[in-house]
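Enquirer: no sequence on hand, only this structure:
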């Protein structure tokens, strides 16, 4: 019995063959999809949703750093730095999920948790808001867990 990640890799290979029909299948390279970190798991979930006809995108709620420092050399040859580094918080909703998706017409928000990572208070509030509005909120720790949920919630 193939594992869910093997199923995803096969779906990816078949999709690549469909998109590039003029290239012999043995010449098409498909980088193996893994789920061995939070980033890889996020990418695998997004890829699976897209390959099954859904829409999914990564949501980033981190702010940004503006570096206005400049280095110059004075007339004596000394290098000096002026200016500052400033952090600007994100305008996104605090606690937003890592993935926002639409699957078979349903709004699904997916929070990826890896290792000992746990849901924050802001994320719990966000989950409550999504569920009150009729959306689906899911916390995923492994690709197998996501795959089982998907197959149960959206049977073929």
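Expert: Nice, I can see it. Remember, it's a predicted structure, so these values are computed and weren't measured experimentally.
Enquirer: surely residue 102 is in a strand?
Expert: Yes. Counting by DSSP: H, G, I helix; E, B strand; the rest coil, residue 102 falls inside a strand.
Enquirer: quick check, it in contact with residue 54.
Expert: Yes. Under the criterion of Cβ atoms under 8 Å, residue 102 lies in contact with residue 54, with a separation of 6.1 Å. All C-beta atoms are positioned from the backbone trio N, CA, C, and that covers glycine.
Enquirer: got the contact list for the nearest residue to residue 32 once chain neighbours are set aside?
Expert: For residue 32, ignoring the flanking residues on the chain, the nearest one in space by Cβ to Cβ, 6 or more residues apart in numbering is residue 9 at 6.0 Å. Applying Cβ atoms under 8 Å, 6 or more residues apart in numbering to residue 9 gives the contacts 30, 32-33.
Enquirer: quick revisit: who has more neighbours out of residue 102 and residue 54?
Expert: A side-by-side neighbour count of residue 102 and residue 54, using other Cβ atoms under 10 Å, places residue 54 first with 18 against 14.
Enquirer: verify the contact between that one and residue 101 for me.
Expert: Yes. Counting by Cβ under 8 Å, residue 101 is a contact partner of residue 54 at 5.7 Å.
Enquirer: which element follows the longest helix along the chain toward the C-terminus?
Expert: Assignment by DSSP state H gives helix 4-19 as the longest helix of the chain. Proceeding N to C from helix 4-19, the next assigned helix or strand is helix 38-51, under DSSP states H and E.
Enquirer: residue farthest from the centroid of this structure?
Expert: Most distant residue from the mean C-alpha position of the chain: residue 76, 50.9 Å away (Cα atoms, centre = their mean).
Enquirer: am I right that that one is in a helix?
Expert: No. Counting by three-state DSSP, residue 76 is not part of a helix but coil.
Enquirer: now do it, the pLDDT please.
Expert: pLDDT recorded at residue 76 is 88.
Enquirer: count residues in the vicinity of residue 109, would you?
Expert: For residue 109, the number of neighbouring residues by other Cβ under 10 Å comes to 22.
Enquirer: list phi and psi for it.
Expert: Main-chain dihedrals, residue 109, degrees, to the nearest 10: phi -110, psi 130.
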